[in-house]
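Asks: take this sequence and fold it.
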Amino acid sequence: MDLKNLYAGNLVSFVASLVILSELILLERLGLSFISSPLSLAILWAIWAMAIPSVLSYHRARLEKNWMLDAFGALAVAIAGVGLAILSLGKMYGVELILLGYAFEPVAGIPIYLTAKKLLPLYTSLFFWGAVAFTAGLPLYLVNLGILAIAGDVVKIAGLVGLLAVLRVVNAKEGRAQLRG
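Replies: Just a heads-up that it's a prediction; the model follows:
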């Protein structure tokens, strides 16, 4: 496992999660019609753009069962991108494709979970299960339970903060050791 790339993937995921949280809160406050607004579309495109370096960094981290990340991560990004393009053209059925793309996110995250839980089980579990709860909560906006997706994203962010803090220290120690060696 390459800890520097794991850190990079987590850092991009952390920033994306904060942007996602803003989108989720705006959707909760302003309603589902907000999703087709120019502001929402800009936020969604920014989130989508961050998915690419995130998946690439995790790929370079050489995780267990990396093929799952490669296959399902690419599928998630591609499907969500098509859905976002359709939504940008004013067609609301693009939201369904975005949700379908996000459904592959937890599957793509299994290699991260399997690998990182050996080092940091608590933070890795918060990150992974928060992502699962976030994803499961997305369709619940239809029945005014979007708060569950928000809660999942907050749990995911808490896990990422813990992972980033520990990996930063580990990477710094490795860097010092390499300088001495």
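Asks: SS state for L119?
Replies: coil (DSSP: H, G, I helix; E, B strand; the rest coil).
Asks: now it, what are its backbone angles?
Replies: Phi and psi for L119, reported as degrees, to the nearest 10, are phi -90, psi -40.
Asks: shaky segments in this structure?
Replies: Applying pLDDT under 70 to the chain flags residues 174-181.
Asks: all helices of it, in order?
Replies: Along the chain, counting by DSSP state H, helices occupy 3-30, 38-60, 66-88, 94-103, 105-116, 121-137, 147-180.
Asks: so which elements touch the second one?
Replies: Using 3 or more C-beta pairs under 8 Å, 6 or more residues apart in numbering; DSSP states H and E as the contact definition, the elements that helix 38-60 packs against are helix 3-30, helix 66-88, helix 105-116. From N, CA and C alone the C-beta is placed, and that goes for glycine too.
Asks: columns mean neighbour count and distance to V155 on top of those, output as TSV?
Replies: Putting the helices and strands packed on helix 38-60 into TSV (neighbours: other C-beta atoms under 10 Å; distance: least, C-beta to C-beta, whole Å) gives the following:
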stretch	mean neighbour count	distance to V155
helix 3-30	18	10
helix 66-88	18	20
helix 105-116	21	13
